[in-house]
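K.L.:
Next input, structure requested:
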Amino acid sequence: METKSNKFIAVTYELYTVDGEERHLVEKAPADKPFYFISGFGVAIDEFEKAVIDLAKGDSFDFTLTKEQAYGEYEEERVLTLDKSMFEVDGHFDKEHLFAGAVIPLQNEEGQRFMGTVVEIQDAAVVIDLNHPLAGHDLNFKGSVIESREATSEEIQSLIMHLSGHGCEGGCSGCSGNCDNKDEGCCHCN
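P.N.:
All right, here's what the predicted structure looks like:
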């Protein structure tokens, strides 16, 4: 049985949402801050990884993922109205971190962590959208590969530590693997 190697891949890209004939630029990964990941760990969208894994350093790409291949349909039932008391710190509502548009870390009863976007702060409730911000959109990626090689055991170990929440003090969230300090396995998320 052949074992599959894990590749360290770094790409620059422009990401567009595609809705019919309309295209909107939503994100850039420039050469000074590329998106990088190690294949086989679920850091990148599966279909994105499949599209770039066999490309060599210097190769360009331009492909579109359907919403089903990317983040799925936008689901209204994933927009929740939660009691405002759930967001209290020392008996006071956390106004500093909770405001419309804020992306916040959440945890369910089983201990699974995920991100949600605050839609609205009401008198007694907070409306949270658990859909990925790009759910419901086809995604067009245009860019180039700036690195593609077998990942070192140190890089793999660093990623495992990062994914388990041990890469940074308090863990990391929201950087999608696009961390500023890859050599130490730590990230500086916005």
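K.L.:
pLDDT below threshold where in this protein?
P.N.:
1-4, 165-190 (pLDDT under 70).
K.L.:
Which parts of it belong to which domain?
P.N.:
The domain map for the chain lists 7-71+135-184, 76-129, with the assignment taken from automatic domain parsing.
K.L.:
What count of nearby residues applies to Tyr74?
P.N.:
16 (other Cβ atoms under 10 Å). All C-beta atoms are positioned from the backbone trio N, CA, C, and that covers glycine.
K.L.:
I'd say it and Leu130 touch.
P.N.:
No. The criterion here is Cβ atoms under 8 Å, and Tyr74 misses it with Leu130 at 10.8 Å.
K.L.:
Show me what secondary structure element comes after the strand or helix carrying Gly143.
P.N.:
For Gly143, the host element (DSSP states H and E) is strand 138-150. From strand 138-150 onward toward the C-terminus, using DSSP H and E, the following helix or strand is helix 153-163.
K.L.:
List every C-alpha atom in that next one, with coordinates, as CSV.
P.N.:
Provided in CSV are the C-alpha atoms of helix 153-163 (Å, rounded to 0.1, in the frame of the first residue of the first chain):
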residue,chain,number,x,y,z
SER,A,153,8.2,16.5,9.9
GLU,A,154,8.7,19.7,11.9
GLU,A,155,6.1,21.5,9.8
ILE,A,156,3.7,18.6,10.2
GLN,A,157,4.2,18.5,14.0
SER,A,158,3.8,22.3,14.2
LEU,A,159,0.5,22.1,12.3
ILE,A,160,-0.8,19.3,14.5
MET,A,161,0.1,21.4,17.6
HIS,A,162,-1.7,24.4,16.0
LEU,A,163,-4.8,22.5,15.1
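K.L.:
distance between that helix and the chain's centre?
P.N.:
Taking Cα atoms, centre = their mean, to the nearest Å, the mean C-alpha location of helix 153-163 is offset from the chain mean by 17 Å.
K.L.:
how about it: buried residues?
P.N.:
Glu155, Ser158, Leu159, His162, Leu163 (16 or more other Cβ atoms under 10 Å).
K.L.:
Not counting stretch 18-38 itself, show me its contacts.
P.N.:
Stretch 18-38 is contacted from outside by 6-17, 43-44, 49, 64, 134, 137-140, 143, 146-147, 151, 155-156, 159, 176-178, 180, 182, using Cβ atoms under 8 Å, 6 or more residues apart in numbering.
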